[in-house]
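1. mind folding the following:
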Amino acid sequence: MKNVVWLLVVMSLVLTGCQTGRKVKTVSTIVPTMQDVDIDGSGIIDVNDMNIMASEWGKTGKDLKSDFDGDCFVGLKDLAIIADFWLEERENVGK
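-> I've put the predicted structure just below:
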């Protein structure tokens, strides 16, 4: 049940971001690794990483942990990147 509620929150953030009409031009060629996307360093891409992303959603700047594509904006492209790594685990983390 918690996952369903959380998914609804994320989707509302996505829809809110789409409604702002904000366009960001980017020439980024950054290819994020799983280590980049594991924001909390736990070794798995999970709800904790998404909570961090949600706290940075729609923000601009150079020091955003959730700006995986390097365009200085946390948005849909970053969400797509974290979704690609969803529930994957890194080896030898915390061992």
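2. tell me the SS of residue 50?
-> For residue 50, the assignment made with DSSP: H, G, I helix; E, B strand; the rest coil gives helix.
3. I'd like to know how far it sits from residue 38.
-> Taking C-beta to C-beta, to the nearest Å as the measure, residue 50 and residue 38 are separated by 12 Å. Bear in mind the C-beta positions are built from the backbone N, C-alpha and C, glycine included.
4. list residues touching both of the two?
-> Common contacts of residue 50 and residue 38, defined by C-beta atoms under 8 Å, 6 or more residues apart in numbering, are absent altogether.
5. residue 82 in helix, strand or coil?
-> Under three-state DSSP, the three-state class of residue 82 is helix.
6. now do the same contact list for it.
-> Neighbour list for residue 82: 37, 45, 49, 50, 53, 66, 68 [criterion: C-beta under 8 Å, 6+ apart].
7. what's the answer for residue 45, then?
-> Applying C-beta under 8 Å, 6+ apart to residue 45 gives the contacts 34, 37, 38, 82, 85, 86, 87, 88.
8. can you give me the helices in this protein?
-> If you assign secondary structure with DSSP state H, the helices in the chain sit at 2-19, 34-37, 47-56, 76-84.
9. low pLDDT regions in this protein?
-> Applying pLDDT under 70 to the chain flags residues 1-29, 93-95.
10. one step back: show the buried residues in the contacts of residue 45.
-> For the contacts of residue 45, a neighbour count by 16 or more other C-beta atoms under 10 Å gives the buried set as 37, 38, 82, 85.
11. biggest separation within these, which pair?
-> Looking at the buried ones among the contacts of residue 45 by C-beta to C-beta, the two members farthest from one another are 38 and 82, with 9.6 Å of separation.
12. joint contacts of those two?
-> With C-beta under 8 Å, 6+ apart as the test, residue 38 and residue 82 both reach 45, 49.
13. out of the contacts of residue 82, who's the most crowded?
-> With neighbours taken as other C-beta atoms under 10 Å, the top of these is residue 68, carrying 25 neighbours.
14. coming back round to it: now the buried ones among the contacts of residue 45 in TSV, with distance to residue 73?
-> Rendered in TSV, the data for the buried ones among the contacts of residue 45 read as follows (distance: C-beta to C-beta, whole Å):
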residue	distance to residue 73
37	16
38	21
82	15
85	19
